[in-house]
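Asks: just need the structure, nothing else, for what follows:
(chains A and B)
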Amino acid sequence: MLIALLKLIGILLAVSIVLAVVTVIVVLAIAFVRMVGVGLVQWRDMFSFDRWTEVMVTIGRNKLRTALTMISVAWGIFVLVTLLGLGRGLDAGLRKTFARDATNGVWIRTNKTGVAYGGYDVGRQITFENRDYVRAKDVKGIEHLSAEHYIGGRAWGGSYITRRGGKANSFELDAVYPDTIYMTGQTVTQGRFLSDADIAQHRKAAVIGKVVAEFLFEGDPPIGDWIVIAGIPFQVVGVFSDAGGPEEERRIFLPVSTAQLAFNGGEKLGQLQMTLGNAGPEEAQAIIDQVVGQLAEAHDFDPNDRQAVRVHNNIEQFERFSKLFWMISMFVIVIGLGTLAAGVVGVSNIMMIAVKERTKEIGVRKALGATPASIVFMVLQESVFLTALAGLIGLVGGVGLLGLMSGLENEFIRNPSINLTTGLAATGFLVLAGAFAGYFPARAAARVNPIHALRDQ
Amino acid sequence: MLRLSKLNKYYQVGTHSLHVLRDVDFEVDDGEFVAIMGASGSGKSTLLNILGILDDYDSGEYRLGDTLIRKLSESKAAEYRNRFIGFVFQSFNLLPFKTALENVALPLYYQGVTRRKRNQVAMQYLERVGLRDWADHLPSEMSGGQKQRVAIARALIGKPRLILADEPTGALDSETSQQIMDLLSEIHQTGITMLVVTHDPEVAARTQRTIRLRDGKVVTAQEASVSNPGMPAARPSNPSLS
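Replies: Numbering: from 1, shown residues only, chains lettered A, B, ... in the order given. Model prediction:
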């Protein structure tokens, strides 16, 4: 509901901005054509040295006022650029967080039942078995399926010591099927990941994280060499790096079947893992319901019992975060544009005052043959120049600040930056904003009646 | 050169219509030096505004050379002002932040003349009014007489058909007034048509002919003096409001 409302506001905002820009362009174009129709105005005036001299002289006459006005525009752009950059940083941070695990991943873990069912009491511990994995393979829509055996009944594999020669440490042990490689963000850097053959033949194979390899092997080639886990030798077949960083590289993957044998795990599985391809939130829920239904039937629990199994659905999570972040960026853009609008109104105001002060001058110019168009251009040029210059200062400041923060990497924000398109769009927007700010003062200037302006006081 | 026929002008004041110029009829020949006199409220300033293409009129005709000046667009009016008319004001109306040279060159700026050419020509005109050495001075650094000379140079630079001077000596002392009138006469000698709006009979006496306005009508000298018996001989700095 709230999201829908915000979306609506966002759309309205976007539409009104577009309308405003279009209106300004059209009004300026009409005003221009009307005035230039018979006028003396020359396009080259825009680029003429004379024009710029005029603008500079005018600006120079009110340095403090001009500077103060420019600060407001510069600040507006600075805030907008910085916020936009931070927004991108937030987005990148979100993606990075989810990069650890597949954004379309679903994890189903065992738990205790929450309701009595089928003659069983409440609070019964559910345990998955290998056949649950085999059965889930038939469910349509699952792209990759895997499962993990909890060595010693614990998700991180208990506190077994892994050693090689004189080096020993406790690393996380994950006993899994080969498809886990598609789910938790690892990249094999040497050798290979676990294979179906490893599972079928109960091979004592191990795929170790980079940190593990560096610690145990200290530069020796690890592939084909042996490590000892809880007194049992395993042969290293692969080394992986992890998108989640070094913490995630302190792990060792073992074939699920081997681990069940070696650590007296029977047929037990701690969790089922799967990815669901391009499934949307609703399709994903349907697939999950089907898998949970199978499990409920096999283990005699109520399929509507939310406690018997714990489902972690990344698709839903990702959607939710995306929406949240979208809302934050919209919010940020609204604030930035608001600040900028205040600056632009400031420029418009100052230009209006300047025009009032220059009434006499404008009257003299008109008496000497200045066309309304040339007066409009004089004011517009000053306004666009001021806004654009101030805006560029703000832009440079914002980009500079983002540059300083570019190394920043934490849980929430990662590499805040602004791309070229946004920068160019901002510049274009500034010129438009300047024209907009100058339009009303310019019109007021063009309407100055030389008779009144020249009347002697 | 310049012809007004049956020219009428009304101002709307509230619900009333004020008849400011009534059937004004006169001609000024090429190269004539004419004074327009009249009391405050006689319609003299309105007439000047119309002659200067700063204001429009309601009926009748105003011809400047062969050109009918009537209901022009603002751009066209600006173009004609620039090409046909040179203004000299009572309070000079120089741009305070521009040097004498830049002020003189301004009309050429609006003709699209290049900066170098403009300044070159402006220097010639400054020399003509005897202010060559003051080219780089700002108006605030000059005396009233000097400022009016700059303004006259500015009025001349566009080679106008007509110079319109509105109380050109109104803000000057009598000696400087004499000098400015000398300068205007001198310029008139070169063949330029000149119209001077004034209260000052001494100024009017320096011209070839005087057109008198009373209550928006052109009148003879006798009519004017009879109707304004108590009018003082000269009222130097009276604001020329319509």
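
Asks: if we go by neighbour counts, what in the helix or strand A:Leu68 falls within is buried?
Replies: Per DSSP states H and E: A:Leu68 is located in helix A:63-99. Under the neighbour-count criterion of 16 or more other C-beta atoms under 10 Å in any protein chain shown, helix A:63-99 has A:66, A:69-94, A:96-98 buried. C-beta: built from backbone N, CA, C; applies to glycine.

Asks: show the average pLDDT along the helix or strand following that helix.
Replies: Per DSSP H and E, the first helix or strand lying C-terminal to helix A:63-99 is strand A:105-110. Taken as a whole, strand A:105-110 carries a mean pLDDT of 89.

Asks: strand partners of strand A:105-110, parallel vs antiparallel please.
Replies: If you go by DSSP bridges, strand A:105-110 pairs up with strand A:271-275 (antiparallel), strand A:309-313 (antiparallel).

Asks: pLDDT on the first one, on average?
Replies: Per-residue pLDDT values across strand A:271-275 average out to 91.

Asks: with the last one instead?
Replies: The pLDDT scores in strand A:309-313 average 88.

Asks: quick one: contacts of that strand?
Replies: Strand A:309-313 is contacted by residues A:Val106, A:Trp107, A:Ile108, A:Arg109, A:Thr110, A:Asn111, A:Ile126, A:Ala284, A:Gln285, A:Ile288, A:Val292, A:Leu295 when judged by C-beta atoms under 8 Å, 6 or more residues apart in numbering or on different chains.

Asks: can you do 10 Å?
Replies: By C-beta atoms under 10 Å, 6 or more residues apart in numbering or on different chains, the surrounding residues in contact with strand A:309-313 are A:101, A:104-111, A:113, A:126, A:128, A:271-273, A:276, A:281, A:284-285, A:288-289, A:291-292, A:295-296, A:299, A:301, A:303, A:319.

Asks: list only those of those flagged as buried.
Replies: Of the contacts of strand A:309-313, these count as buried by 16+ other C-beta under 10 Å: A:101, A:104-110, A:113, A:126, A:128, A:271-273, A:276, A:284-285, A:288, A:291-292, A:295-296, A:299, A:301.

Asks: now do the helices in chain A.
Replies: Counting by DSSP state H, one finds helices in chain A at the ranges A:2-36, A:49-61, A:63-99, A:130-136, A:196-200, A:210-217, A:256-262, A:281-299, A:314-357, A:359-367, A:372-405, A:420-446, A:450-454.

Asks: including distance to chain B, could these go into JSON lines?
Replies: Output for the helices of chain A, formatted as JSON lines (distance: least, C-beta to the nearest C-beta, whole Å):
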{"stretch": "helix A:2-36", "distance to chain B": "7"}
{"stretch": "helix A:49-61", "distance to chain B": "6"}
{"stretch": "helix A:63-99", "distance to chain B": "13"}
{"stretch": "helix A:130-136", "distance to chain B": "81"}
{"stretch": "helix A:196-200", "distance to chain B": "85"}
{"stretch": "helix A:210-217", "distance to chain B": "70"}
{"stretch": "helix A:256-262", "distance to chain B": "86"}
{"stretch": "helix A:281-299", "distance to chain B": "63"}
{"stretch": "helix A:314-357", "distance to chain B": "12"}
{"stretch": "helix A:359-367", "distance to chain B": "5"}
{"stretch": "helix A:372-405", "distance to chain B": "5"}
{"stretch": "helix A:420-446", "distance to chain B": "8"}
{"stretch": "helix A:450-454", "distance to chain B": "5"}
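
Asks: what's the single longest helix in chain B?
Replies: With DSSP H as the criterion, chain B gives helix B:174-189 as its longest helix.

Asks: now do that helix: which elements does it pack against?
Replies: strand B:33-38, strand B:85-88, helix B:115-128, helix B:144-157, strand B:162-166, strand B:193-198, helix B:201-205 (3 or more C-beta pairs under 10 Å, 6 or more residues apart in numbering or on different chains; DSSP states H and E).

Asks: can I get these in a markdown table including mean neighbour count and mean pLDDT?
Replies: Shown next, in a markdown table, are the helices and strands packed on helix B:174-189 (neighbours: other C-beta atoms under 10 Å in any protein chain shown; pLDDT from 0 to 100):
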| stretch | mean neighbour count | mean pLDDT |
| --- | --- | --- |
| strand B:33-38 | 23 | 91 |
| strand B:85-88 | 25 | 91 |
| helix B:115-128 | 17 | 90 |
| helix B:144-157 | 24 | 92 |
| strand B:162-166 | 24 | 91 |
| strand B:193-198 | 24 | 91 |
| helix B:201-205 | 16 | 88 |
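
Asks: export these to TSV and tack on distance to chain A?
Replies: Output for the helices and strands packed on helix B:174-189, formatted as TSV (distance: least, C-beta to the nearest C-beta, whole Å):
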stretch	distance to chain A
strand B:33-38	17
strand B:85-88	5
helix B:115-128	6
helix B:144-157	7
strand B:162-166	9
strand B:193-198	12
helix B:201-205	17
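
Asks: middle-most residue in chain A, spatially?
Replies: Geometric centre of chain A, nearest residue: A:Asp91, 1.2 Å, by C-alpha atoms, centre = their mean.

Asks: number of residues surrounding the residue nearest to B:Ser5 when sequence neighbours are not counted?
Replies: Of all residues not flanking B:Ser5 in the chain, B:Glu61 sits nearest, at 4.8 Å (C-beta to C-beta, 6 or more residues apart in numbering or on different chains). Taking other C-beta atoms under 10 Å in any protein chain shown as the criterion, the count of residues near B:Glu61 is 14.

Asks: does B:Glu61 lie in a helix or a strand, and which?
Replies: strand B:59-64.

Asks: residue of chain B nearest chain A, please.
Replies: Nearest residue of chain B to chain A: B:Asn82, at 2.4 Å (C-beta to the nearest C-beta).

Asks: how about the contacts made by that residue?
Replies: A:40, A:366-371, B:53, B:107-111, B:158, B:160.

Asks: so where's the stretch 201-350 of chain A shaky on pLDDT?
Replies: Within the stretch 201-350 of chain A, no range satisfies pLDDT under 70.

Asks: quick one: B:Lys117 from A:Arg365, how far?
Replies: 20 Å (C-beta to C-beta, to the nearest Å).

Asks: one more: A:Thr359?
Replies: 11 Å.

Asks: more crowded one of those two?
Replies: A:Arg365 (25 against 17).

Asks: helix/strand/coil for the residue of chain B closest to chain A?
Replies: Following DSSP: H, G, I helix; E, B strand; the rest coil, the label given to B:Asn82 is helix.

Asks: leaving out the residues flanking it, which one is nearest to whatever residue of chain A ends up closest to chain B?
Replies: Minimum separation of chain A from chain B (C-beta to the nearest C-beta) falls at A:Gly369, amounting to 2.4 Å. Take A:Gly369 and drop its neighbours on the chain: the residue closest to it by C-beta to C-beta, 6+ apart is B:Asn82, 2.4 Å away.

Asks: check A:Asp242 too.
Replies: Closest residue to A:Asp242 apart from its sequence neighbours, by C-beta to C-beta, 6+ apart: A:Glu248 at 3.7 Å.

Asks: tell me how far the helix holding A:Leu68 is from the chain's mean position?
Replies: 15 Å (C-alpha atoms, centre = their mean, to the nearest Å).

Asks: what about A:Val345, distance to A:Leu12?
Replies: 21 Å.

Asks: which of the two has more neighbours?
Replies: The residue with more neighbours, out of A:Val345 and A:Leu12, is A:Val345; 15 against 10, by other C-beta under 10 Å.

Asks: hang on, the more buried one packs against A:Pro441?
Replies: No: between A:Val345 and A:Pro441 there is no contact under C-beta atoms under 10 Å: 11.8 Å.

Asks: send me stretch A:148-163 as PDB with only the CA atoms.
Replies: The C-alpha coordinates for stretch A:148-163 follow below in PDB (Å, rounded to 0.1, in the frame of the first residue of the first chain):
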ATOM      1  CA  GLU A 148      23.700 -30.100   3.300                       C
ATOM      2  CA  HIS A 149      24.400 -32.600   5.900                       C
ATOM      3  CA  TYR A 150      25.100 -31.000   9.300                       C
ATOM      4  CA  ILE A 151      28.300 -32.700  10.500                       C
ATOM      5  CA  GLY A 152      27.800 -33.500  14.200                       C
ATOM      6  CA  GLY A 153      24.300 -32.000  13.900                       C
ATOM      7  CA  ARG A 154      25.600 -28.500  13.500                       C
ATOM      8  CA  ALA A 155      25.300 -26.200  10.500                       C
ATOM      9  CA  TRP A 156      29.000 -25.100  10.600                       C
ATOM     10  CA  GLY A 157      30.300 -28.700  11.000                       C
ATOM     11  CA  GLY A 158      31.200 -28.800  14.600                       C
ATOM     12  CA  SER A 159      34.600 -28.000  16.100                       C
ATOM     13  CA  TYR A 160      36.700 -30.500  14.300                       C
ATOM     14  CA  ILE A 161      40.300 -29.700  13.700                       C
ATOM     15  CA  THR A 162      41.800 -29.600  10.200                       C
ATOM     16  CA  ARG A 163      45.500 -30.100  10.000                       C
END
